[in-house]
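Q: The following block contains a protein sequence and its predicted model.
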Amino acid sequence: MIPLSWYLIFAAGLFSLGLFGVLARRNAVAILLGVELMLNAVNINLAAFWRYGNVTDMTGQVFAIIVFAVAAAEVAVGLALVISVYRSRNTVVADEIDMLKW
Amino acid sequence: MDFLKDPLKLAADWLIGLMTGWGMPEGVAAGVAAFLGIFVLIAILMVIDIFLVWLERKVVARFQDRIGPNRLGPFGLIQPFADIIKLLIKEDITPANADKVVYNLAPMLSMMSVLILWAIIPLAPSMLGVDLNVAALYIIATGAIGTLSIIMAGWSSNNKFALLGAFRQVAVMVSFEIPMVASLLIPTVLAGSMGMNAIIEKQDIWFFILSPLGALIFLIAAIAELGRAPFDMGEAESELISGYNVEYSGMKFGMFYAGELLHAFTFGGFWGILFFGGYRFFGLEQVSPFLSIPILLFKAVIGYWIIMWVKYTMMRIRIDHMLAFNWKFLTPLSFALLIVTALVHALAKDAALWVYGLSMFLSNLVLGWIVVEFLRRYSRAEREKVEGPARPAMEAAGH
Amino acid sequence: MTTAQIIFLVVAAVTLVSAFMVVTTRNLIHAALWLVATLFGVAVTYALLNANFLAVVQVVVYIGAIAILFIFAVMLTRKEMRDQGPQLNSAWWISALLAVLTFGGLVGMLWGWKGMDTLASEMPVGFDSVSALGDALISPNAFVLPFEVASVLLLAALVGAVYVAFNPRSGDSRK
């Protein structure tokens, strides 16, 4: 049997890797890839707590599904923004997208 | 008698007994037996696949008023083996600027996405890989892996035609996934479960009779998912040479080709399972799995033949027409059908069986009639916009 | 060590290595393909947790839609960066430090928690988690409201994405 801690540490590792990707990558698409990793890490935690808690209480799985929906929405809008910015500025480097900075 | 009832379990028990007799722990023996089962299933599928090549060539020849392969062996049955030997000894070319790992991974993924579908196909009540309670969604999930293999093949070939073909094919597959999900939900609503066995057991009346429109939508979405004509935008020989697999040669191309044929056969089988009662045929399935397997395979071949029939009689549709057809017609229709099915099911499920069946069938018929009427009005309005007020002669000539 | 533990360790190792490749690979298409491997590992983790529905939806939504969308987006925005030049910004070591600190902090915080070594209870016999999930999602005294809000969010995102990415110059002339 697998103790709960294994899942939690696994999720923590995945979350940290995603965090590194979000903070360190220059390409805006790659930043979104990092965000996906972080969301997945959260989902593993939700599923693990569902399984190790009261199984008949579906809260954990329901939240995981709502995270799926949010992730899909986030990617659709995020990538649309990236493509739109790429059209007008010809760059996807996050540092160079500074139109709102004075 | 036991052997006729449940040969698989008997064989597995015998194998496990044999291996534990050799001093193997129980768990390992069970694992080895399961592995052997998978191995045998895949081997049988591959043999079926070889004969599908022959079947496809024979059928297309008949559709085109030819005879087809008839030189090697009786009815040309040895021909596919010659084809395979040719594919195997052909030079295996990897383009110089291709992304080698991804390039070689793509045909494997393509084949895999088809083979793992067979994990959930019930050949007989007791004969299936796993009775997943999310089997209907599993079909979509394997389709997602197939989509991935196509875009990998198109991108890694480093060829603009391959990439264009992959783009088109993926756009079609991703968008036709939606009516596919909706039409898979119709058997789910009718049976109250996503498990394949549960869906088959509920079909005292074939779901095709309860929901003919649903079966039709599933067939259309399946053909699009397979990338066969009239939805074969990704291959489109006349414009894109042959699309995403243009750079592949030898057995790597063979994997795509064999995967496509087996995929079509598998979806024929799913059509049979979801809408035509799967292995059930007037109680014969209760007698022995040796009877139910031929029944299922027969239904799968019928489904496969219909898919071939569509492929060889329809023209290719333009990509924008195809996507418009999906988003503006098939998707709304499938959702409307799902709502109607769920409503009628909720209202009539406690009524007598014939009342339930009749109301289901009639609701489908009414919805179908509304759709056809709507389409007729729309096309007439469009035509009048182009040609002015209706002229009977032009109507006959079409446009 | 039981079989389940070995499977978990292998899956977790593969997933973490692929996740590492996602954030460090230079070629963005490769990063997206590594993301697919990661997502697949997470799907297997769900299967290990007996969350069948989540495992299948993970493959359908993440691999079938999100990863494909990423690959498309990378191809549509590729001309500029073409895998040359630095892929990480100049302060990447601060980010690495922060990530390590986050991981250390999370593990350290969890270490003292007494629920750490909980083992999963057996799944109740005859309990169908998929139908229970379906009931929970549409039952008025459970999660019907969040579920509906999520669908509205998806619709809004769909409309928003089409509006933002729509290019008026190349658009249909009839509109």
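A: Received it, and whenever you're ready, just let me know what you need.
Q: give me the number of residues near residue 31?
A: Since no chain was named, I'll use chain A. 19 (other CB atoms under 10 Å in any protein chain shown). Heads up, the C-betas are built off the backbone N, CA and C, glycines and all.
Q: oops, I was thinking of chain C
A: Neighbour count for residue C:31, taken as other CB under 10 Å: 26.
Q: swap in residue A:76?
A: Neighbours of residue A:76 (other CB under 10 Å): 21.
Q: Roughly how far does it sit from residue B:83?
A: 44 Å (CB to CB, to the nearest Å).
Q: which residues touch residue 57?
A: This is for chain A. By CB atoms under 8 Å, 6 or more residues apart in numbering or on different chains, the contact list for residue A:57 reads residue A:50.
Q: ah, I was thinking of chain C
A: For residue C:57, the contact set (CB under 8 Å, 6+ apart) comprises A:65, A:68, B:137.
Q: what's the answer for residue C:165, then?
A: Counting by CB under 8 Å, 6+ apart, residue C:165 has contacts A:79-80, A:83-84.
Q: If we use 7 Å, what do you get?
A: Listed by CB atoms under 7 Å, 6 or more residues apart in numbering or on different chains, the contact partners of residue C:165 are A:80, A:83-84.
Q: The residues you listed in helices, which ones?
A: A:80, A:83-84 (DSSP state H).
Q: Check the residues you listed one by one and keep those near chain C.
A: When CB under 7 Å from any CB of the partner chain is applied, the members of the ones in helices among the contacts of residue C:165 adjacent to chain C are A:80, A:83-84.
Q: Touching, residue A:84 and residue C:164? I think so.
A: Yes - using CB atoms under 7 Å, residue A:84 is in contact with residue C:164, at 5.1 Å.
Q: Quick check: neighbours shared by these two?
A: Here residue A:84 and residue C:164 share no contacting residue, scored by CB under 7 Å, 6+ apart.
Q: Separate out the buried members of the ones next to chain C among the ones in helices among the contacts of residue C:165.
A: By neighbour count, with 16 or more other CB atoms under 10 Å in any protein chain shown, these hold A:80, A:83-84 as buried.
Q: related to what we said a few turns ago, out of the ones in helices among the contacts of residue C:165, which is nearest to chain C?
A: Closest approach between these and chain C, by CB to the nearest CB: residue A:80, at 3.9 Å.
Q: I'd say the closest one and residue C:163 touch.
A: No - Residue A:80 is beyond contact range of residue C:163, at 8.1 Å (criterion: CB under 7 Å).
Q: Residue numbers of chain B in contact with chain C?
A: Within chain B, the positions adjacent to chain C are B:27, B:102, B:132-134, B:137-138, B:140-141, B:144-145, B:147-148, B:151, B:155, B:170, B:174, B:177, B:194 by CB under 7 Å from any CB.
Q: Make a PyMOL selection of whichever of these turn out to be buried.
A: The PyMOL command for the buried members of the residues of chain B next to chain C (criterion: 16+ other CB under 10 Å) is given here:
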select buried, chain B and resi 102+132+133+134+137+138+140+141+144+145+147+148+151+155+170+174+177+194
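Q: Which of the residues of chain B next to chain C fall within helices?
A: Mapping those onto helices (DSSP H) picks out B:27, B:102, B:137-138, B:140-141, B:144-145, B:147-148, B:151, B:155, B:170, B:174, B:177.
Q: which residues touch the residue most central in space within chain C?
A: By CA atoms, centre = their mean, chain C has its centre lying nearest to residue C:39, at 5.9 Å. Counting by CB under 7 Å, 6+ apart, residue C:39 touches A:40, C:58, C:62-63, C:67.
Q: and it, backbone torsions?
A: Main-chain torsions, residue C:39, degrees, to the nearest 10: phi -60, psi -40.
Q: Spell out the secondary structure type for residue B:129.
A: coil (DSSP: H, G, I helix; E, B strand; the rest coil).
Q: Could you double-check that it lies in contact with residue B:117?
A: No - contact criterion CB under 7 Å: residue B:129 and residue B:117 do not qualify, at 9.9 Å.
Q: which of these two has more neighbours?
A: Neighbour totals were compared for residue B:129 and residue B:117, and residue B:117 leads with 24 against 17 (other CB under 10 Å).
Q: Next up, the contacts around that one.
A: B:139, B:142, B:266.
Q: And what about it, helix, strand or coil?
A: Applying three-state DSSP: residue B:117 is helix.
Q: quick one: the strands in the stretch 251-399 of chain B?
A: Read by DSSP state E, counting those that start in this stretch, the stretch 251-399 of chain B holds no strands at all.
Q: Could you find the residue in it that comes nearest to chain A?
A: Using CB to the nearest CB, residue B:327 is the residue of the stretch 251-399 of chain B that sits closest to chain A, at 15.4 Å.
Q: coming back round to it: out of the ones in helices among the contacts of residue C:165, which comes closest to residue C:50?
A: Lowest distance from residue C:50 to the ones in helices among the contacts of residue C:165 (CB to CB) belongs to residue A:80, with 36.2 Å.
Q: ok, now how distant is the closest one from chain B?
A: 16 Å (CB to the nearest CB, to the nearest Å).
Q: Please give me every residue in contact with residue B:257.
A: Contact analysis of residue B:257 by CB under 7 Å, 6+ apart lists nothing.
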